[in-house]
Each structure stands twice: as C-alpha cells, then as structure tokens.
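# Sharing a model prediction with you, sequence too.
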Amino acid sequence: MRRVCAAVLAVTVLVVAGCSGADGPATPAPQPVTIAVAGDVHFAGSSAAALEPGGLDAVAPLLRAADLTVVNVETAITDGGTAAGKEYTFRAPAAGLGRLKDAGVDVAAMANNHGLDYGRAGLTDTLAAATAQGLPVIGIGQDADAAFAPYRTTIKDNRVAVFDATQVLDSSLATAWTATGTQPGMASVRTEAGARRLVDAVAAERSRSDSVVVFLHWGKELQDCPTSDQQDLAHDLVAAGADAVVGSHAHLQLGQGYLEAGGRKGFVDYGLGNFVFYAKKARTVETGVLELTLPGTGGVSAARWEPATIRSGVPVPLEGADAQEAVRHKESLRPCADLAAS
C-alpha cells in the first residue's frame, strides 16, 4: 500500500516526488497511463480471418499504442468439451489468444454468455491455453475468488487493477456457469448478491490501487440505450471507486461519457460494439477502440474514441471524413445514456 505523507508534531519531511517515511524509501507518485478497451471477440465464421498471420494487422497499431489493452473474448478456447444447449455456441483454438497477444492485447476479459459454451472441460482448456499463450484472463476461474479477482499491474508507478464480470447469462445456464466457493465458472453480477460482491471488491481495491477499471458484459442486444440495470450498476461501481466502467454485448455501440456518483467522477462506456466478429449488418459492423488516460489520482483525465469498421470479420480503422462521422455518431448516443461530455 502506498505510504501516506504527513507532518508529525514538529517534524517536517520534505518530499520531492511521492511519499517517504523514516522506515523506507520514497514511493514514486503514479504517472498517467493509457488503457485501450475494445468489444466482443470470437473467431467464428468470417472472423476466423483473425487466426491467420497478420489477420489483425490493420488494428494492431491502435491496440499497441496504449500502455495496457483489454478486449472481451466471447468464446471458449478449446478443441474439446460438449456444446451447451443453446442457439449459438463458440469455440476457438488456443492460437486465437496468441493472435490477440501478438496484435497488442494484454488481457482477455472472459466473463460473458459464451465463455463456457463448451462446459467445464472447455473452461479448464481455456485457462490452460491462457497460461500457455501468456495472455492473462479475467472474469473466469476455478472458484468465485479467482473469477472476481482483478488483473493487477504497475505501469509508470501507477498501480492498475482491471475487473471483469457479466450481467448476461442464459437463464437455463446461469446457475451452472456462475462461479461459487466450490464451483468453477465466471464472475456473475446477474443477481443482487453478485453485483454487491463486485461493488465491494472495487471498494476494497480502491485502497490498494491507483487506477481501477471494470469491464462488463451487459445490456440488451440491438438496443442502443443502456438498461436501468446497467445504469444502476455503473452508478454503484463509480461510487465505490471505479475510475472507468466499460462494456459490450448489445452488438451495437452505446453512449459514453462522464458519470458523477457518490462524490466521485468516473468514465462510462455502455457499449463498445462488436470487434472481431462475423457481423455484416450496418450498425453491427460499427466498432472502435476506446483509449482512456488514467492519471492515477482518480477518474479519467482524457478519453478518445478511435473508430473502425468490421470488414470480413476483422476491425479496420476509419480515416478522414469517415472517422469524423463515426465519432459524431458515437457522441450522438450520449443523451439517452445520461452521461456528461466532460
């Protein structure tokens, strides 16, 4: 934990950078870091192009430009297991995680309604593949403690924590897919108890990390305004200490902006859209990379939307007038999200 500076009685301590104490060296003050986040990734259909060498080259510069990059991986990483009894099930080889890492992704958020499409055997394979490919995963684990644990790293003396959880699970599978004290699965905030656990975890993390980000799988498919459940959870997380709350699921972009809650200010993006996906319809191919600057002293000091479009299953950044129009469209979604522009 960072040491707090104080003047005690008549003793004056001169601090040039960070804090110091008689029993230890100065702790450097956190410097601003950038974190890039992007939406839903699978490797089914046309998005299998991302498995090919160079398949993500077009978007890789955006992913690599940030100090830390996180995307939502919406597929089991396995060649085995048994498909769940649902309309859509996704799985991909371990090489998929490797391709994401090569393109600049640092962390895979995997709490969503497809992460366990191939059962607990698929979950075991996913965790093993993450280790083998060297790409950390969050939101899933062998029990609830592991699933709700954040990814932690220190960049430029800025201690960053990233949580992942899902509000979206098929009702027939929710019990089997939710991690508990004795059951593998994912961090679910579908219930009040799950949401409270995440909020409490964020509040506890606030005292040990300089920057706290929460990635969520949430919203209603093909609805470009957030639900009341999304808004309530975003409010509670910002009030608890989250500097940024971002997510995806709707297959569309939703509004982004600043939210004040509990005397704190945080940045919220309710919908990042699809990212590496077999999308074809007009609004479902609208995508992008959100880059946030986290000063390490609370909140988000800058946010930049880098628009892209999905072509043949993979994201391709937009330029010129097309990019400007895409940014305007993203901004037009803010009013129904009830967020501030600055």
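Good, I have the coordinates.
# what helix or strand is the most centrally placed residue in the chain on?
Centrality entry for the chain: nearest residue to the mean C-alpha point is residue 215, 3.2 Å, by Cα atoms, centre = their mean. Assigned by DSSP states H and E, residue 215 falls within strand 211-217.
# cool, residue 39 as well?
Element membership for residue 39 (DSSP H and E) is strand 33-41.
# Then residue 30?
Counting by DSSP H and E, no helix or strand carries residue 30.
# close enough to count as contact, it and residue 157?
Yes - with contact defined as Cβ atoms under 8 Å, residue 30 reaches residue 157; the gap is 5.1 Å. Any C-beta I mention is one placed from the backbone N, CA and C, and that applies to glycine too.
# Comparing these two, which residue is more hemmed in?
Neighbour count, other Cβ atoms under 10 Å: between residue 30 and residue 157, residue 30 has more, with 22 against 16.
# Tell me the spacing between that one and residue 299.
13 Å (Cβ to Cβ, to the nearest Å).
# cool, and residue 313?
For residue 313, the distance to residue 299 equals 36 Å [Cβ to Cβ].
# So which bits of stretch 145-161 are buried?
For stretch 145-161, the neighbour count (16 or more other Cβ atoms under 10 Å) marks 146-151, 153, 155, 157-161 as buried.
# And the next helix or strand past the lowest-mean-pLDDT helix or strand in the chain?
Every helix and strand of the chain was ranked by mean pLDDT, DSSP states H and E. The lowest is strand 19-21, at a mean of 46. Note on strand 19-21: by DSSP H and E, the next helix or strand toward the C-terminus is strand 24-27.
# packing partners for that following strand?
If contacts are counted by 3 or more Cβ pairs under 8 Å, 6 or more residues apart in numbering; DSSP states H and E, strand 24-27 sits against strand 19-21.
# Mind doing that once more with 6 Å?
On a contact count with 3 or more Cβ pairs under 6 Å, 6 or more residues apart in numbering; DSSP states H and E, strand 24-27 meets no helix or strand.
# Can you pull the phi/psi pair for residue 291?
With angles defined as degrees, to the nearest 10, residue 291 shows backbone torsions of phi -110, psi 120.
# partner residues bridging it?
Beta-bridge pairing of residue 291 under DSSP bridges involves residue 36, residue 304.
# Now do the contacts for it.
Residues near residue 291 by Cβ atoms under 6 Å, 6 or more residues apart in numbering: 34, 36, 66, 304.
# Closest one of the residues you listed to residue 208?
Distances from residue 208 to the contacts of residue 291, taken as Cβ to Cβ, are shortest for residue 34 (21.3 Å).
# Write the ChimeraX selection for whichever of the contacts of residue 291 are buried.
Applying 16+ other Cβ under 10 Å to the contacts of residue 291, the buried members can be selected in ChimeraX as follows:
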select :34,36,66
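# from the contacts of residue 291, which is closest to residue 72?
For the contacts of residue 291, the minimum distance to residue 72 (Cβ to Cβ) is 12.7 Å, reached by residue 36.
# contacting residues for that closest one?
Contacts of residue 36 (Cβ under 6 Å, 6+ apart): 66, 69, 289, 291.
# what does residue 253 give?
271, 273, 286, 330.
# Pick the one among these closest to residue 40.
residue 273 (7.6 Å).
# and which of the contacts of residue 253 is nearest residue 100?
Nearest to residue 100 among those, with distances taken as Cβ to Cβ, is residue 273, at 17.0 Å.
# And the pLDDT for residue 18?
pLDDT recorded at residue 18 is 47.
# Looking at the contacts of residue 36, which are in strands?
With DSSP state E as the criterion, strands contain 69, 289, 291 from among those.
# export these to a markdown table and tack on distance to residue 320 and pLDDT?
As requested, those are exported to a markdown table (distance: Cβ to Cβ, whole Å; pLDDT from 0 to 100):
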| residue | distance to residue 320 | pLDDT |
| --- | --- | --- |
| 69 | 25 | 99 |
| 289 | 17 | 98 |
| 291 | 19 | 98 |
